[in-house]
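Enquirer: Only the shape, not the letters, is given here:
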């Protein structure tokens, strides 16, 4: 039994389906995406799109796809995980990018 890793096309589908208002807000700089994170209450984060390709972030995208499909009720990418876990993951990924 294999594990299905979401493809880049899955991330592209999510981005395409976001309302234009979310993508064009001035507080979401070019090259970034608004993400709503949390298991019950959702907090908004703005993260660089470069993290979308990392395998750990793809796992989160897979969970989001399983829970919400490609219809994200908050208008941005909704990720069903604990806020502290998301912060730790994205901070680590961004730290890796800086130290390349």
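Expert: Nice, I can see it. This is a predicted model, so every value here is computed, not measured.
Enquirer: hang on, residue 36 is in a strand, isn't it?
Expert: Yes. Under DSSP: H, G, I helix; E, B strand; the rest coil, residue 36 sits within a strand.
Enquirer: residues in contact with it?
Expert: If you count contacts by C-beta atoms under 8 Å, 6 or more residues apart in numbering, residue 36 has them with 42, 43, 44, 45, 72, 74, 76, 77, 78, 79. In short, each C-beta sits where N, CA and C put it, glycine included.
Enquirer: now those: which count as buried?
Expert: Among those, those scoring as buried are 42, 45, 72, 76, 77, 78, 79 (criterion: 16 or more other C-beta atoms under 10 Å).
Enquirer: Now do the same for the fifth one: its pLDDT.
Expert: If I follow you right, that is residue 77. Listed pLDDT for residue 77 reads 84.
Enquirer: measure it to residue 41 for me?
Expert: Going from residue 77 to residue 41 by C-beta to C-beta, to the nearest Å gives 16 Å.
Enquirer: Check residue 79 too.
Expert: Taking C-beta to C-beta, one finds residue 79 at 13 Å from residue 41.
Enquirer: And residue 91, by the same measure?
Expert: Distance from residue 91 to residue 41, by C-beta to C-beta: 21 Å.
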